[in-house]
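In: kindly return the folded structure for what I paste below:
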Amino acid sequence: MFAASISRSISPVAFIPQASAVPISFHDPTAGGALRTFTVPVLTYTATLPGGDVQTSGNVEYRIPIVGPVTAALFFDGGTDGIARPSALNLNLQGFQNLAHSFPGAT
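Out: Numbering: from 1, shown residues only. Next comes the predicted model:
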């Protein structure tokens, strides 16, 4: 899993495969330039942030006074998001089997 940061939150990233069809059009020179259209099946991966059920985050900050109310700050923000119950993040097995049948060379 990869970690991704969203405004004030953290989550693992999962890539979900999806099948779609892309229309392709061209002018057929053998038919007097007639417009031909056909669709091509395409497998794409959509990044999603499923979240986790265990999350920790923290902040460490050190402020340095410069002049009057002006200060400089050194800081570190960090966190992690874990999955304690992997069974809660299962995807539809039938959907994966359909994709594997439609796109046999895909991983």
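In: list the contacts of D77.
Out: By CB atoms under 8 Å, 6 or more residues apart in numbering, the residues touching D77 are 57-59. Where you see a C-beta, it was placed from the backbone N, CA and C, and this is true even at glycine.
In: highest neighbour count among those?
Out: For the contacts of D77, the largest number of neighbours (other CB atoms under 10 Å) sits with S57, at 12 neighbours.
In: and the helices in this protein?
Out: 93-102 (DSSP state H).
In: scan it for its longest strand.
Out: Taking DSSP state E as the criterion, the chain has its longest strand at strand 9-28.
In: buried residues in it?
Out: 10-12, 14, 17 (16 or more other CB atoms under 10 Å).
In: I'd like those as a markdown table, with pLDDT appended.
Out: Output for those, formatted as a markdown table (pLDDT from 0 to 100):
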| residue | pLDDT |
| --- | --- |
| I10 | 66 |
| S11 | 72 |
| P12 | 73 |
| A14 | 78 |
| P17 | 86 |
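In: for those residues, which one is nearest G95?
Out: Proximity of the buried residues of strand 9-28 to G95 (CB to CB) peaks at P17, which lies at 8.5 Å.
In: which residue is nearest the middle of this structure?
Out: Closest to where the C-alpha atoms of the chain average out (CA atoms, centre = their mean) is A47, at 1.7 Å.
In: surely it meets F15?
Out: Yes: A47 is within contact range of F15, at 5.7 Å (criterion: CB atoms under 8 Å).
In: show me where the protein has its strands.
Out: All strands of the chain, identified by DSSP E, fall at 2-6, 9-28, 34-48, 54-67, 70-82.
In: ok, which of these comes nearest L91?
Out: Set against L91 and scored by CB to CB, the strands of the chain come closest in strand 9-28, at 7.1 Å.
In: alpha carbons of the closest one, as CSV, please.
Out: Taking C-alpha atoms only, strand 9-28 is exported to CSV below (Å, rounded to 0.1, in the frame of the first residue of the first chain):
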residue,chain,number,x,y,z
SER,A,9,-6.1,13.3,6.8
ILE,A,10,-4.1,10.2,5.8
SER,A,11,-5.2,7.0,4.1
PRO,A,12,-3.8,4.0,2.2
VAL,A,13,-4.3,4.1,-1.5
ALA,A,14,-5.9,1.2,-3.4
PHE,A,15,-6.0,1.0,-7.2
ILE,A,16,-9.4,-0.5,-8.3
PRO,A,17,-9.5,-1.9,-11.9
GLN,A,18,-12.5,-0.9,-14.1
ALA,A,19,-13.5,-1.9,-17.6
SER,A,20,-14.8,0.6,-20.0
ALA,A,21,-15.2,1.1,-23.7
VAL,A,22,-13.5,3.9,-25.7
PRO,A,23,-15.1,4.9,-29.0
ILE,A,24,-12.6,5.4,-31.9
SER,A,25,-13.7,7.1,-35.2
PHE,A,26,-11.8,7.3,-38.5
HIS,A,27,-12.5,8.2,-42.1
ASP,A,28,-12.3,5.0,-44.2
